[in-house]
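sequence first, then the predicted structure, then my questions.
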Amino acid sequence: MDRVKALTAQAKALYENLLERWTWLAHVLRMLEWYTERRGNAYAAAISFTGILAMVPILMVSFSVGAFVLAWNPELLDTVTDAVVDAAPGELGKQLNSVIDSAIASRTTVGVIGLVTASLTGIGWMGLLRTALTEMWGGRLKTNAVIKKLYDLAMFVVLGLMFVATIGLTVVSTGPFGKQIMEFLGLEETTVGSLLLRVASILVSVAATWALFIVVLKVLPRNGLSVSAILWPALATAVIFEILKSVGGIYLRSVLSSPAGAAFGPIIGVMVFAYLASRIVLYSAAWCAADTRNEGYIIDDEMESRQPDPTPVVLAPVYEAQPQREARRLVTAAGVGALAAGLAGAAGLRRRRD
């Protein structure tokens, strides 16, 4: 037992020494503890589920916009219809053609319903994301309900536009647009040129994603952070996010080769991607909150009502007084005592006579 105690003490001393020497390890452990205490996994699951739910009305709006474009451009409509009929076998092409016609006919209704539901679900998703990020900094803050909803709606639109912009920059810097850029710059399509194009596209994508996460980590929490508090963690988050996108692309290419993968693979991939992306953002916020240099931004939870210490309650036995019953009991007891005394006296007289 003494040997075990000595080894335990040595291991504990070594662990504390490592924490003192490797400050990054102590920071990581504080981040993990902080993330767990602030219910990070539960928030990540809720954010991913609500985000996927919000995608449905957004797709409705996208389809409505596409239907308006096709309705205003008959030549493009004919091209799309012919392509669908040629690609789909047999009667399926005609059925898809009727679906396209129905979508164009109901484009206004679909667009209005999608826009309203997208606004509602977007406000819910943005409010949940802001609450989760604020929770990573210590707690929740009370805000005006109306102003909060309007702000969440505005931030949902802004982040949506920024996300579309980052995707657009990625698309422009790769694929046929990238080749056109190379031709415009006078670069030949060689191995070196393709490598330079690939590196440039990655740098552009990381820079755009970095700007997006600076806004997410600074603006969404309700405790008024400075850019210096989240600048480099936002860059690390952008790099990890780009790696996650690349892995997700490899996953989709691998699962789409089979019928079962084509049916369920994209759905599973989107769910996993949304959950991992939510955890990455919350881990980044927890990393910033666990930094000792950011202790001034830690907040107290204002949503939990703080009541003053209650007055101590003194418990005392309670006696129920019933005068009538007590009087009856006394009279009965007196009568029984008198009867017993009379019987005892009569018995004594008999003994004397005998």
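Alright, I've got the coordinates. Since the structure is predicted, the reported quantities are computational estimates derived from the model, not experimental observations. Residues are numbered from 1 along each chain as shown.

pull up the gap between residue 60 and residue 164, please.
Counting by C-beta to C-beta, to the nearest Å, the gap between residue 60 and residue 164 amounts to 17 Å. C-beta coordinates here come from the backbone N, C-alpha and C atoms, glycine included.

tell me which of these two has more neighbours.
Neighbour comparison, residue 60 and residue 164: the larger count goes to residue 60, with 20 against 10 (by other C-beta atoms under 10 Å).

how about the more buried one, secondary structure?
Per DSSP: H, G, I helix; E, B strand; the rest coil, the local secondary structure of residue 60 is helix.

where does it land on pLDDT?
Looking at residue 60, its pLDDT is 77.

from residue 251, how far off is it?
Taking C-beta to C-beta, one finds residue 60 at 27 Å from residue 251.

do residue 163 as well
If you go by C-beta to C-beta, the gap between residue 163 and residue 251 works out to 20 Å.

what about these two, which has more around it?
Set side by side, residue 163 and residue 251 show more neighbours around residue 251, with 17 against 13, by other C-beta under 10 Å.

you'd agree that one is up against residue 269?
Yes. Counting by C-beta atoms under 8 Å, residue 269 is a contact partner of residue 251 at 5.6 Å.

burial count for residue 157?
Residues contacting residue 157 under the criterion other C-beta under 10 Å number 14.

got it, and the one 4 residues further on?
Burial of residue 161, expressed as a neighbour count using other C-beta under 10 Å, amounts to 10.

enumerate every residue touching residue 151.
Residues counted as contacts of residue 151 (C-beta atoms under 8 Å, 6 or more residues apart in numbering): none.

so where does it fall, helix or strand?
Secondary structure assignment for residue 151, by DSSP states H and E: helix 145-173.

same thing with residue 243?
Element membership of residue 243, judged by DSSP H and E, is helix 227-255.

list the buried residues in that helix.
Counting neighbours by 16 or more other C-beta atoms under 10 Å, one finds that the buried residues in helix 227-255 are 229-230, 233-235, 237-238, 240-242, 245, 248, 251-252, 255.

packing partners for that helix?
Where contact means 3 or more C-beta pairs under 8 Å, 6 or more residues apart in numbering; DSSP states H and E, helix 227-255 is packed against helix 191-219, helix 259-290.

hey, which of those helices is tucked in deepest?
Neighbour counts (mean count of other C-beta atoms under 10 Å) averaged over each of the helices and strands packed on helix 227-255 peak at helix 259-290, with a mean of 18.

what angle sits between that helix and helix 227-255?
Relative orientation of helix 259-290 and helix 227-255, computed by axes from the mean of the first three to the mean of the last three C-alpha atoms, to 10 degrees: 170 degrees.

residues in contact with stretch 46-60?
For stretch 46-60, the external contacting residues (C-beta under 8 Å, 6+ apart) are 110-111, 113-118, 121-122, 124-125, 128-129, 132, 160, 270-271, 274-275, 277-278.
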